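>>> what follows is a predicted structure for the sequence shown.
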Amino acid sequence: MDGKLVICPTPLGNLGDMTERALAALRAADVVCAEDTRVTGRLLAAYGIEKRLERLDEALIGERGAGIVQRVLDGETVAYCSDAGMPGVSDPGLRLVRAAREAGAAVEVLPGPTAAATAYVASGCDNPRFYFGGFFPRKAAEQRSMLEELRGLDAALVFYESPNRLVAALSAIAEVLPWRAVAVCRELTKLHEEVARGTAAELRELFAARAKEPGGVRGEIALVIDAPGEAEAAAGAEIATASATARAAELVAEGLRTKEVAKRLAAEFGIPRNDAYNLAMQAAR
């Protein structure tokens, strides 16, 4: 039986971005499974496609995923659509693809719009690499921890975020990465598309004020944080030097000799041995 699971990307917002190949796949499918049948139903109606729709969201994919895969193995062609963009990128489609692969079912993934890549390009970053982290963490401690872990990565950082949590996310970025340029990419490809760029602190003030206005902040949002730049490197070096200088004074006060102080500084702060020795000598004076 020649069944297969077809992953069909859909427009981020502009219907003109629907590909002919994806439309052909939807027309040829035996059934269309969707993250939200209402959203996908409107899309199909716009193109005059009449198909049986089955809801398959995050809550249902665990209990129904195996059954869908079995239907593919039995010869059914199943198309899967998320609400917008590429299924499997921060949505339950990834679990369906994994289940199909593990069962040996045929999977065809069609190319199409992805908000993460679109936001990365729209942000104006000049680093040739980007890291996609899915949805930004909700808890403040997790936000700070994640940003600390990623701060040394030589790449732009891309996240999805809810408009209701945008100001909190920008506050966390302003605290951990105050030197970075940030872009808030909102409603990409849609009528009211917006790309706001500045430091996280500047953007926090902008969107905090807008949140108080009638209507507040709305729409799908992608955050893009620039890769480390010269200003951040200089600030980091200054902080490291200050910390190493203070540590050198502590070690000298403990009675350690200059060579031992230098050895400790090099090991603890990862600084060159000559620099560590100079700091040790200054502390010993």
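Happy to help now that I have it. Nothing here was measured: the structure is a model prediction, and the numbers come from that model.

>>> correct me, but residue 154 touches residue 127?
Yes: Residue 154 is within contact range of residue 127, at 7.1 Å (criterion: C-beta atoms under 8 Å). Bear in mind the C-beta positions are built from the backbone N, C-alpha and C, glycine included.

>>> more neighbours, those two?
residue 127 (15 against 10; other C-beta atoms under 10 Å).

>>> tell me the SS of the more buried one?
coil (DSSP: H, G, I helix; E, B strand; the rest coil).

>>> what do you get for residue 213?
With three-state DSSP as the basis, residue 213 sits in coil.

>>> cool, residue 248 as well?
Reduced to three states by three-state DSSP, residue 248 is helix.

>>> give me the contact list for the helix or strand hosting residue 68.
According to DSSP states H and E, residue 68 maps onto helix 58-73. By C-beta atoms under 8 Å, 6 or more residues apart in numbering, the residues outside helix 58-73 that reach it are 1, 3-5, 33, 35, 56, 78, 91-92, 95-96, 99-100, 103-106.

>>> filter these down to the buried ones, ChimeraX style.
Buried residues among those (16 or more other C-beta atoms under 10 Å), as a ChimeraX selection:
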select :3,4,5,33,35,56,78,91,92,96,99,100,105
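
>>> low-confidence bits of the stretch 1-150 of the chain, can you list those?
For the stretch 1-150 of the chain, applying pLDDT under 70 flags the ranges 1.

>>> which secondary structure elements does the helix or strand hosting residue 280 contact?
Element membership for residue 280 (DSSP H and E) is helix 273-284. When contacts are defined as 3 or more C-beta pairs under 8 Å, 6 or more residues apart in numbering; DSSP states H and E, helix 273-284 sits against helix 230-253, helix 258-269.

>>> so what does the last one touch, helix or strand wise?
Meaning helix 258-269. Checked by 3+ C-beta pairs under 8 Å, 6+ apart, helix 258-269 has helix 230-253, helix 273-284 packed alongside it.

>>> and residue 80, what element?
With DSSP H and E as criterion, residue 80 is part of strand 77-81.

>>> and that strand, what does it pack against?
Counting by 3+ C-beta pairs under 8 Å, 6+ apart, strand 77-81 packs on strand 4-7, helix 20-28, strand 31-34, helix 58-73.

>>> please report the distance of residue 157 from residue 205.
21 Å (C-beta to C-beta, to the nearest Å).

>>> what about those two, which has more around it?
Neighbour comparison, residue 157 and residue 205: the larger count goes to residue 157, with 26 against 15 (by other C-beta under 10 Å).

>>> tell me the SS of that one?
Criterion first, three-state DSSP; result for residue 157: strand.

>>> so how far is residue 226 from it?
As judged by C-beta to C-beta, residue 157 and residue 226 stand 8 Å apart.

>>> what of residue 220?
In terms of C-beta to C-beta, residue 220 sits 21 Å off from residue 226.

>>> same question, residue 139
24 Å.

>>> okay, those two: which has more neighbours?
It is residue 226, of residue 139 and residue 226, that has more neighbours when counted by other C-beta under 10 Å, with 22 against 10.

>>> and the strands in the stretch 101-250 of the chain, which stretches?
107-109, 130-135, 156-161, 181-186, 194-199, 221-225 (DSSP state E, counting those that start in this stretch).

>>> how is the protein divided into domains?
4-109, 115-225, 231-284 (automatic domain parsing).

>>> can you pull the contacts of residue 221?
Residues in contact with residue 221 (C-beta under 8 Å, 6+ apart) are 160, 161, 162, 163, 166, 184, 185, 186.

>>> need phi/psi at residue 51.
The phi/psi pair for residue 51 (degrees, to the nearest 10) reads phi -140, psi 150.
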